[in-house]
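> any chance you could fold what I've pasted below:
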Amino acid sequence: MRYRRFLLAIAAAAAVSCTESLGPADFNGTWGGDGVRLTMSPTIARFESPCWAGDLTLPLVVDGREFTALSTLQSQGGVGQSESRSATFKGEKSGDQIQLTVSPSSLGLGPYTLILGQQVDILGCP
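Residues are numbered from 1 along each chain as shown. Take a look at the predicted model:
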């Protein structure tokens with residue numbers, strides 16, 4: 001009976017150690033998709049879309065395969081239409097993809113599927 005408990009304890013420890021846990025550097029790179037770009041490095045994290053752009057706070061808060069970051073986005077609406085809005089970014093990495101959500105939803109951003117290395121042209125705000 002003791003031997004069985006010992007084996008179960010080892011199996012449980014092995015399962016926990018197999019859980020993927022990432023650090024901020026695992027999100028570095030240029031990520032693109034659906035007209036938006038997220039550029040991340042040890043010194044800068046920048047989100048760009050047709051109507052909003054801004055730098056994310058560093059370091060990223062990473063938990064497992066997910067990150068959270070805050071930003072103050074600036075509107076890209078042209079002359080006389082400048083506006084600043086606080087936003088929260090949450091991303092989950094799976095391989096070479098990040099599922100990115102931006103809140104509050106009133107900004108009309110996302111959710112996005114971003115792909116590492118995908119080149120994206122950022123068009124002007126309609």
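
> in this structure, which spans are helices?
Here the chain has its helices, by DSSP state H, at 2-17.

> where does it dip in pLDDT?
1-19, 78-80 (pLDDT under 70).

> which residues does the nearest residue to residue 30 once chain neighbours are set aside contact?
In this structure, residue 30 finds its nearest non-sequential neighbour in residue 39, 5.0 Å apart by C-beta to C-beta, 6 or more residues apart in numbering. Heads up, the C-betas are built off the backbone N, CA and C, glycines and all. If you count contacts by C-beta atoms under 8 Å, 6 or more residues apart in numbering, residue 39 has them with 29-31, 45-46, 48.

> and what of residue 76?
For residue 76, the contacting residues are 49-53, 124-125, by C-beta under 8 Å, 6+ apart.

> okay, which residue is most central for this protein?
For the chain, the residue whose C-alpha lies nearest the mean C-alpha position (C-alpha atoms, centre = their mean) is residue 91; its distance is 3.2 Å.

> tell me what it is bridged to.
Residues in a beta bridge with residue 91, per DSSP bridges, are residue 67, residue 100.

> residue 73 against residue 54, yeah?
Yes: Residue 73 is within contact range of residue 54, at 4.0 Å (criterion: C-beta atoms under 8 Å).

> which one of the two has more residues nearby?
Just comparing residue 73 and residue 54: by other C-beta atoms under 10 Å the higher neighbour count belongs to residue 73, 23 against 20.

> thinking again about what came up before, how close does the residue nearest to residue 30 sit to residue 122?
Per C-beta to C-beta, to the nearest Å, residue 39 is found 11 Å from residue 122.

> who touches both of those two?
With C-beta under 8 Å, 6+ apart as the test, residue 39 and residue 122 both reach residue 48.

> returning to what we had before: want to try JSON lines for the contacts of residue 76, with neighbour count and distance to residue 24 as columns?
Rendered in JSON lines, the data for those read as follows (neighbours: other C-beta atoms under 10 Å; distance: C-beta to C-beta, whole Å):
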{"residue": "49", "neighbour count": "24", "distance to residue 24": "22"}
{"residue": "50", "neighbour count": "15", "distance to residue 24": "27"}
{"residue": "51", "neighbour count": "21", "distance to residue 24": "27"}
{"residue": "52", "neighbour count": "23", "distance to residue 24": "23"}
{"residue": "53", "neighbour count": "17", "distance to residue 24": "21"}
{"residue": "124", "neighbour count": "9", "distance to residue 24": "31"}
{"residue": "125", "neighbour count": "13", "distance to residue 24": "30"}
